[in-house]
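1. Sequence and predicted structure are below.
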Amino acid sequence: MHSFGYRANALLTFAVTILAFICAIASFSDNFSNQTPSAQIQILNINWFQKQPHGNDEVSLTLNVTADLQSLFTWNTKQVFAFVAAEYETSKNALNQVSLWDAIIPEKEHAKFWIQISNKYRFIDQGHNLRGKDFNLTLHWHVMPKTGKMFADKIVMSGYRLPNAYR
């Protein structure tokens, strides 16, 4: 006869194996979901565009963000982290990214939204490289599942330009 400890160990090992198998199936099932998020970002106003006393450029924008991220939610999705970033090139860096706004979306019902905001975080360039600069606004998202690997993607919206003079 086997002892109680041996039987408990066998039962616990079997339960953990089944749990790991179910988690792997749940994670694998996310590969079959049809994800078609959409987004649009408009710049409603450039509130100010100034040179700071120590020489850095700073911009304040009013944005209209419309997004439908509901297709990112499956039964395995815990939450979605979304953020809007301004992306531009300078002579020193091929890619500069400045986060302007972010949010954690906990449920599918909150994943379709329209908001009008001023940038939540300061849009500052370390230097004076923003005058007349073309830039992209990009909506990034990170899907955090209940089990399995996290994945990220983005929608890039181009065609934005800052003024040539400070205001």
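-> Cool, got the structure. Residues are numbered from 1 along each chain as shown.
2. biggest strand in this structure, by residue count?
-> For the chain, the strand with the greatest residue count under DSSP state E is strand 38-51.
3. if we look at the host helix or strand of residue 124, which residues are touching it?
-> Per DSSP states H and E, residue 124 falls inside strand 123-125. Outside strand 123-125, the residues that touch it by C-beta atoms under 8 Å, 6 or more residues apart in numbering are 52, 56-61, 86, 90, 96, 98, 100. Bear in mind the C-beta positions are built from the backbone N, C-alpha and C, glycine included.
4. count of neighbours near residue 11?
-> 10 (other C-beta atoms under 10 Å).
5. any idea whether it is helix, strand or coil?
-> The three-state label given to residue 11 by DSSP: H, G, I helix; E, B strand; the rest coil is helix.
6. for residue 101, same thing?
-> strand.
7. Bridged to it, which residues?
-> residue 84 (DSSP bridges).
8. Share the number of residues neighbouring it, please.
-> Neighbour count of residue 101, defined by other C-beta under 10 Å: 19.
9. gap between it and residue 15?
-> Distance of residue 101 to residue 15, computed by C-beta to C-beta, to the nearest Å: 44 Å.
10. Just the buried residues of the contacts of strand 123-125.
-> In the contacts of strand 123-125, burial by neighbour count holds for 56-57, 59, 61, 86, 96, 98, 100, counting by 16 or more other C-beta atoms under 10 Å.
11. Please name the residues that touch the closest residue to residue 116 other than its chain neighbours.
-> Spatially, and ignoring its direct neighbours in sequence, residue 116 is nearest to residue 64 (5.2 Å; C-beta to C-beta, 6 or more residues apart in numbering). Taking C-beta under 8 Å, 6+ apart, we find residue 64 in contact with 41-44, 114-116.
12. In those residues, which residue is surrounded by the most others?
-> Neighbour max across the contacts of residue 64 (other C-beta under 10 Å) = residue 41, 20 neighbours.
13. which residues in this structure form helices?
-> 4-29 (DSSP state H).
14. For it, which element, helix or strand, carries the lowest mean pLDDT?
-> helix 4-29 (a mean of 88; mean pLDDT, DSSP states H and E).
15. Let me know how buried the nearest residue to residue 36 once chain neighbours are set aside is, in neighbour terms.
-> The shortest distance from residue 36 to any non-neighbouring residue, by C-beta to C-beta, 6+ apart, is to residue 71 (4.9 Å). Using other C-beta under 10 Å, residue 71 has 15 other residues around it.
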